[in-house]
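Student: Provide a 3D model corresponding to the input given below.
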Amino acid sequence: MKKKVFIIDTSAILSGKPIMITDAKIVTTPGVSDEFNPGGRDFRTFELLKETGLTIQIPSKEAINAVKQTAQQTGDDRRLSIADIEIVALALDINKNPDQEATILSDDYSIQNVASTLNIKYQGFLQKEITKKFKWVSRCPGCGKQFNEIKKICPICGTATKNSLSQKKNL
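Tutor: Below is the predicted model of the structure:
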């Protein structure tokens, strides 16, 4: 039987809901740790989690690059922070160990979308999980041109582009 490892995202900590996991290891990344400033309720919650077993692990550069590449393919690269990328990358690293299975705890739909594409388990914390995979593209509101790769500025007319949903696929 594989050992369960839950990777918690900032959203799970900020929810204020107690994280009560007793039959698994709980980990997070340095990027998530950096999102909490000393003082305040959320910082104290994070410190309490560390005292009760939360560990901080650094994902490999290979896993980070794989997540960035996948996020570019899905169009989520504009939506993911460094901490978000680390969360998914850490899950990739953990899943390489045949004795462990990672599940990401996050309400962030972009994290869930990239995780789904990489066949990583995820679970919503306060919200339901995504039910479809999304593919985002850039669309220019000025000239109407659509770009499969994410562009911030339209190379045709110079207008700032917007994210647009290209396709949805059932999970």
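Student: this structure - how does it break down into domains?
Tutor: Following automatic domain parsing, one gets these domains for the chain: 3-123, 132-170.
Student: deepest-packed of those, please.
Tutor: Mean neighbours per residue, mean count of other C-beta atoms under 10 Å, is largest over the domains of the chain for domain 3-123, with a mean of 18. All C-beta atoms are positioned from the backbone trio N, CA, C, and that covers glycine.
Student: can you give me the mean pLDDT across that one?
Tutor: Here the mean pLDDT over domain 3-123 is 92, rounded to a whole number.
Student: likewise stretch 150-161?
Tutor: In this model, stretch 150-161 has a mean pLDDT of 86.
Student: run the chain-centre distance for it.
Tutor: Relative to the mean C-alpha coordinate of its chain, stretch 150-161 is positioned 26 Å out (C-alpha atoms, centre = their mean, to the nearest Å).
Student: what does it rub up against?
Tutor: Identification of contacts with stretch 150-161 by C-beta atoms under 8 Å, 6 or more residues apart in numbering yields 72, 75, 77-78, 136-143, 145, 147, 163.
Student: ok, those vs residue 14, which is closest?
Tutor: Closest approach to residue 14 among those (C-beta to C-beta): residue 78, at 21.4 Å.
Student: ok, that closest one - contacts?
Tutor: Contacts for residue 78 (C-beta under 8 Å, 6+ apart) come out as 136, 150, 163.
Student: could you do residue 73 as well?
Tutor: Residue 73 touches 117, 135, counting by C-beta under 8 Å, 6+ apart.
Student: and if we set it to 10 Å?
Tutor: 114, 117, 135, 136, 148, 149 (C-beta atoms under 10 Å, 6 or more residues apart in numbering).
Student: for residue 24, same thing?
Tutor: Counting by C-beta under 10 Å, 6+ apart, residue 24 touches 3, 4, 5, 6, 53, 100, 101, 102, 103.
Student: how close does it get to residue 135?
Tutor: From residue 24 over to residue 135 the distance is 32 Å, taken as C-beta to C-beta, to the nearest Å.
Student: again with residue 22
Tutor: 38 Å.
Student: please apply the same query to residue 153.
Tutor: 21 Å.
Student: what do you get for residue 105?
Tutor: Residue 105 sits 24 Å away from residue 135, going by C-beta to C-beta.
Student: helices of the protein, start to end?
Tutor: 10-14, 30-34, 40-51, 61-74, 82-96, 109-117 (DSSP state H).
Student: could I get those as TSV with distance to residue 157?
Tutor: Listed next are the helices of the chain as TSV, based on distance: least, C-beta to C-beta, whole Å:
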stretch	distance to residue 157
helix 10-14	36
helix 30-34	36
helix 40-51	43
helix 61-74	23
helix 82-96	31
helix 109-117	27
